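Chemist: Give the three-dimensional model of this entry:
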Amino acid sequence: MGDMGDYWRDVKPALKEDSQRKRAGNRDASAGNLTAAGIQFESKNGGAHLVVSAAGLVVDFWPGTGLWVVRGTNERRRGVRHLIKRLGGQWPPQGKTDGEIHP
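Modeler: The predicted model follows:
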């Protein structure tokens with residue numbers, strides 16, 4: 001096969017490992033950010049799916065990818081900070097500097 005095929009065959013395992021590591025870090029950091037903002041959630045599937053309840057809403061949140069969906073609506077967005085703000089929380093949480101909570 002050509003040089004590019006060999007290159008991607010060699011690089012793909014490292015890229016996959018980096019992606020898995022980043023998603024795992026996102027899961028940990030997002031749960032900590034929600035907790036610090038005082039927003040309650042229930043962890044499902046080993047933390048891969050969080051059911052967040054606040055401001056009269058129930059939100060399905062997948063912290064590995066950052067996707068969140070407000071149940072009963074078509075509202076779909078990404079990012080734990082946007083989720084915290086959408087639910088009426090404050091970002092960064094009171095008494096914390098921006099670098100203390102999240103990576």
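Chemist: drop to CA atoms for contacts and neighbour counts, all remaining ones
Modeler: Noted.
Chemist: per-residue confidence for residue 51?
Modeler: Note on residue 51: pLDDT of 97.
Chemist: What about it, how many residues nearby?
Modeler: 19 (other C-alpha atoms under 10 Å).
Chemist: Please compute how far stretch 20-39 lies from its chain's middle.
Modeler: Remark: stretch 20-39 is offset 6 Å from the chain centroid, using C-alpha atoms, centre = their mean, to the nearest Å.
Chemist: err, stretch 39-52, not the other one
Modeler: 11 Å.
Chemist: Go through that stretch and flag the buried ones.
Modeler: 39, 41, 47-52 (16 or more other C-alpha atoms under 10 Å).
Chemist: and which of those residues is nearest residue 8?
Modeler: Closest approach to residue 8 among these (C-alpha to C-alpha): residue 48, at 28.5 Å.
Chemist: helix or strand for residue 72, which one?
Modeler: Here residue 72 is covered by no helix or strand, with elements defined by DSSP states H and E.
Chemist: repeat for residue 85
Modeler: helix 80-86.
Chemist: what sits up against that helix?
Modeler: 30, 33-34, 37, 39, 63, 66, 68, 90-91 (C-alpha atoms under 8 Å, 6 or more residues apart in numbering).
Chemist: burial count for residue 21?
Modeler: 12.
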